[in-house]
Structure formats: C-alpha cells, structure tokens
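In: Based on what follows, work out the 3D shape:
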Amino acid sequence: MTKLITFLSSFLQRVSESNDINCRFQPQKISVFHGLTRPSISIQSYLERIFKYANCSPSCFIVAYVYLDRFVQRQPSLPINSFNVHRLLITSVMVAAKFLDDMYYNNAYYAKVGGISTIEMNFLELDFLFGLSFHLNVTPNAFHTYCTYLQREMLLLQPPLNVAESSLSIARSAKLHSCFNEDETTSQQKQQQQLAV
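Out: Residues are numbered from 1 along each chain as shown. Next up, the predicted model:
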C-alpha cells in the first residue's frame, strides 16, 4: 500500500506541476476545489495522512484514482493543479469510501483529516458528484484495468536490481511461470477428461 501511495502522490505531483505551467497558456476555470494558496503539506504527506486516518479499504484509493480520471475527462477546463489537488484527493477518497465500504466516517471527520471545514467538505462532495455526473460505479473490468496500469507504472519506477537480486528474481519468475503452466495443463487435462465422459 505504501508503494501505491508513493506512486499516486508522485504521479499527481507531476500532473499538477505540468498543469501549473500550462495554466499560463490555457485558460482554466476556478472552482470550489481551488485554494487561495498552495497548501504547505506535500501531496505524499497528505495522502499518507488520509491513508492513516480514513481507515478505508485499499480499494478506495484505486477507485479514488478512477474518479479523479473521470472528473478530469468530464471537466477539461478544470485540470488538476497545485491549488486544487489536495481538495480533489480528500473528496475522491471520501466519495470512494462512501460508495465502496460498508463502514465509513462522516463528512465532518473527513474535513478534519483534510484540514478544511465541514461546510467546505459538503460543497466539495456535491461539486465532485455533479462533476462526475454521479457516475460512481466502477466495473470489475475497469477496476482491473486501472490496477494493471498502476502496477505496470510502479514497476517501471522501481530502481534497477543488482545482478544477484536480478538472477534471483528471474529464477522466482521462471518457477512461478512453470507452476502456472502445470496448472494450465492440469485444467486442460481435466476439461478433456470431462469431455470424454
């Protein structure tokens, strides 16, 4: 989970910095998500804080990422930048927890975790839901696609292994691969036997 938090925070940091530069050239809409100043807390520290205190399932962070992606696609004049990323994060995680988890905290609690007022948290939630057109369901296929993408990106960001670790890793993956093939042939044999019967 810490790798996911690290990756999401570094990804959102790059996106917000890029959009901060682009805002000079493209007009951007100011919304309820924009702060008057950039928050002093880093995106990574903020995500770690949310993870520590929100007590939501790990799936919520994946679904929050899906929601952010949908939000940006539906609101192209409102890109993620350093003035709105923190509010978008707390709101997306809160909405994901409410949609996915059986037990979740109320808006006042999330507001406290996010360092904002309850009234502001209520406005953020409402604007976020309308920004998503209330499209909150994430199909298992979409969830798997986003997970696969995040896993691939996290692997690409890992530092290279030294030679000893690399050969050990190759040996493990070969063993896992051969186990997969055995299971695959076993299931194929069972299917053929069932067809013969």
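
In: can we go C-alpha only for contacts and neighbour counts from here?
Out: Noted.

In: how about the residue nearest to the spatial centre of the chain, what does it touch?
Out: Geometric centre of the chain, nearest residue: residue 65, 3.1 Å, by C-alpha atoms, centre = their mean. By C-alpha atoms under 8 Å, 6 or more residues apart in numbering, the contact list for residue 65 reads residue 92.

In: Okay, buried residues for the helix or strand where it lies please.
Out: Assigned by DSSP states H and E, residue 65 belongs to helix 59-74. Buried positions in helix 59-74, judged by neighbour count with 16 or more other C-alpha atoms under 10 Å: 59, 60, 61, 62, 63, 64, 65, 66, 67, 68, 70, 71.

In: what's the answer for stretch 121-129, then?
Out: Quick answer for stretch 121-129 (16+ other C-alpha under 10 Å): 121, 124, 125, 127, 128, 129.

In: now do stretch 47-63
Out: Those would be 47, 48, 50, 51, 54, 56, 57, 59, 60, 61, 62, 63, for stretch 47-63 by 16+ other C-alpha under 10 Å.

In: Turn these into CSV, columns for distance to residue 17 and pLDDT.
Out: Output for the buried residues of stretch 47-63, formatted as CSV (distance: C-alpha to C-alpha, whole Å; pLDDT from 0 to 100):
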residue, distance to residue 17, pLDDT
47, 17, 88
48, 20, 90
50, 21, 91
51, 23, 90
54, 26, 88
56, 28, 88
57, 29, 87
59, 26, 89
60, 25, 91
61, 21, 91
62, 22, 90
63, 23, 94
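
In: I'd like the buried residues of stretch 121-129 as JSON lines, with pLDDT appended.
Out: Converted to JSON lines, the buried residues of stretch 121-129 look like this (pLDDT from 0 to 100):
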{"residue": "121", "pLDDT": "94"}
{"residue": "124", "pLDDT": "94"}
{"residue": "125", "pLDDT": "96"}
{"residue": "127", "pLDDT": "94"}
{"residue": "128", "pLDDT": "94"}
{"residue": "129", "pLDDT": "95"}
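
In: Sort out which one of these lies nearest residue 95 for me.
Out: Ranked by distance to residue 95 (C-alpha to C-alpha), the buried residues of stretch 121-129 are led by residue 125 at 7.2 Å.

In: check contacts around that closest one.
Out: Per C-alpha under 8 Å, 6+ apart, neighbours of residue 125: 91, 95.
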